[in-house]
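*Asks:* how does the following fold in three dimensions:
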Amino acid sequence: MGSEGPTPGVTIHVTGFKRFHGVSENPTEKIVTNLQSYMNKRGLPKGLIIGSCTILETAGHGALVPLYQTLQSAVIRDSNVPDSGPVIWVHFGVNSGATKFALEHQAVNEATFRCPDEMGWKPQRVPIVPTDGGISRIRESCLPVEHITESLLKMGYQVMRSEDAGRFVCNYVYYHSLRFAEQNGIKSLFVHVPLFLTIDEDTQMQFAASLLEILASLY
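*Replies:* Just a heads-up that it's a prediction; the model follows:
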């Protein structure tokens with residue numbers, strides 16, 4: 001019998017955000033910065049490859065070029081790997097008023113920022129991608145968000161599925177990522193986390209690791 005060779009792994013690219021108005025320490029910057037070493041110590045599950053961990057500016061239009069450079073570089077890198085498996089983008093953002101983790105099912109084509117972003121932009125009812133149509137256009141993740149949420153709940157995490165990622169930078173980045181994912185045959189998910197004052201750092205690191213393990217187990 002001939003060998004079928006190794007099963008392609010799932011490559012997950014992760015992003016977080018820097019500080020922004022009202023949030024002097026963004027927990028997602030620490031989570032994403034430390035995730036690779038944390039997962040290595042925990043033990044990477046078979047078939048999971050962490051492709052990259054990137055910290056984004058908390059900005060919309062002004063940060064588009066580096067965002068797309070980040071997305072595109074991962075696609076180019078993964079396309080150069082023979083028989084590479086599925087590619088997933090996981091974006092972490094903070095919701096300072098949240099008491100639970102939230103897995104965002106969708107993003108809306110609307111930028112209405114409650115305060116200027118870190119590059120001074122404060123759009124109001126502006127389409128994120130004008131060629132997509134009006135501000136009511138929605139893009140959904142093709143990942144099984146309900147199943148992932150239930151799996152995390154069974155593990156004891158305070159987590160919910162959300163249908164509203166807001167209208168600030170998180171939604172802005174997620175909309176672009178979902179659009180990019182659809183165009184390039186990959187998948188995208190946005191996750192809102194609370195402040196470390198609400199859910200401590202160690203629990204949040206465990207949550208991030210568990211999420212990646214669940215995503216890897218889907219394939």
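*Asks:* buried residues in the lowest-mean-pLDDT helix or strand in the chain, which are they?
*Replies:* Of the helices and strands making up the chain, the lowest-confidence element is helix 64-79, at a mean of 84, by mean pLDDT, DSSP states H and E. Along helix 64-79, these residues count as buried under the neighbour rule (16 or more other Cβ atoms under 10 Å): 67, 70-71, 74-75, 78. In this view, the C-beta of every residue, glycine as well, is placed from N, C-alpha and C.
*Asks:* please identify which pair of those residues lies farthest apart.
*Replies:* 67 and 78 (17.3 Å; Cβ to Cβ).
*Asks:* ok but residue 202 is inside a strand, no?
*Replies:* No: assigned with DSSP: H, G, I helix; E, B strand; the rest coil, residue 202 falls outside any strand and is helix.
*Asks:* that one and residue 132: what is the separation?
*Replies:* Residue 202 sits at a distance of 40 Å from residue 132 (criterion: Cβ to Cβ, to the nearest Å).
*Asks:* neighbour-wise, which of those two wins?
*Replies:* A side-by-side neighbour count of residue 202 and residue 132, using other Cβ atoms under 10 Å, places residue 132 first with 14 against 10.
*Asks:* give the contact list for the more buried one.
*Replies:* Contact criterion Cβ atoms under 8 Å, 6 or more residues apart in numbering gives 109, 179 as the residues in contact with residue 132.
*Asks:* make it 6 Å
*Replies:* Going by Cβ atoms under 6 Å, 6 or more residues apart in numbering, residue 132 touches residue 109.
*Asks:* any idea how far it lies from residue 184?
*Replies:* Here the criterion is Cβ to Cβ. By it, residue 132 lies 16 Å from residue 184.
*Asks:* repeat for residue 43
*Replies:* Noted for residue 43: a distance of 30 Å to residue 184, by Cβ to Cβ.
*Asks:* those two: which has the busier surroundings?
*Replies:* Set side by side, residue 43 and residue 184 show unequal neighbour counts under other Cβ under 10 Å, the larger going to residue 184 at 16 against 9.
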